[in-house]
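Colleague: Structure for this input, please:
(one chain, ligands or ions: 1)
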Amino acid sequence: MTHLFAADLVKAEPLWRAIEQPMALKALVAIVGVALIAWELWWFLGRHGGGVVARESEAGVQEITITVDGGYAPSRIRVKAGQPMRLAFHRIDPSGCVAQVIFPDFHKTLDLPLDATTSLELPPTEAGTYPFHCGMNMVRGVLEVE
Ligand SMILES: [Cu+2]
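Modeller: Residues are numbered from 1 along each chain as shown. Here you go, the predicted structure:
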């Protein structure tokens, strides 16, 4: 508490008063705050697992279904190089944000009607990492060709 003149103490009613908290509680609040920030960074920027491997149909097409609900599930898809693939997007999220999915490297834009599954066929591709995203580049996924 800062030291005031005696006259001020008599007149001035403080607007708030500090409640002294135990050190352990202060430390706990700080630790929880840092943990939440770390979790948020991981959630938005981090890699979530090693990705999901597409299964292979009898015709040799790699197939995977991606659920579109606030994000792409899975968002990291692993396919083999040199084999055609079919990505089926099942959109259950009514948000207009995810009404389109764009594959910039393939120059493909796919419209995703709500409550439907829309497939995109991609030609055999060289190994590499090919990101995809919603129309506004807010929701993202990645195709890992290996
Ligand atoms: Cu979006």
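Colleague: Give the other helices and strands that the helix ranked longest in the chain contacts.
Modeller: Secondary structure of the chain per DSSP state H: the longest helix is helix 23-45. Packing contacts for helix 23-45, counted by 3 or more C-beta pairs under 8 Å, 6 or more residues apart in numbering; DSSP states H and E, involve no helix or strand. Using the backbone N, CA and C atoms, a C-beta is placed for each residue, glycine as well.
Colleague: Contacts for the following helix or strand past it, please.
Modeller: The C-terminal neighbour of helix 23-45 among helices and strands, as given by DSSP states H and E, is strand 52-53. Strand 52-53 has contacts (C-beta atoms under 8 Å, 6 or more residues apart in numbering) with 64, 74, 76-79.
Colleague: Kindly recompute the last result at 7 Å.
Modeller: Contact with strand 52-53 is made by 64, 74, 76-78, as judged by C-beta atoms under 7 Å, 6 or more residues apart in numbering.
Colleague: Neighbouring strands of that strand in the sheet, and parallel or not?
Modeller: strand 76-79 (parallel) (DSSP bridges).
Colleague: Alpha carbons only: can I get the strand it pairs with in CSV?
Modeller: Output in CSV follows, covering the C-alpha atoms of strand 76-79 (Å, rounded to 0.1, in the frame of the first residue of the first chain):
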residue,chain,number,x,y,z
ARG,A,76,-3.2,-34.8,-41.7
ILE,A,77,-3.5,-37.4,-44.4
ARG,A,78,-0.8,-39.7,-45.5
VAL,A,79,-0.8,-41.3,-49.0
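Colleague: Can you name the residues in contact with it?
Modeller: 48-49, 51-54, 62, 64, 85, 141-146.
Colleague: This completes my enquiry, with thanks.
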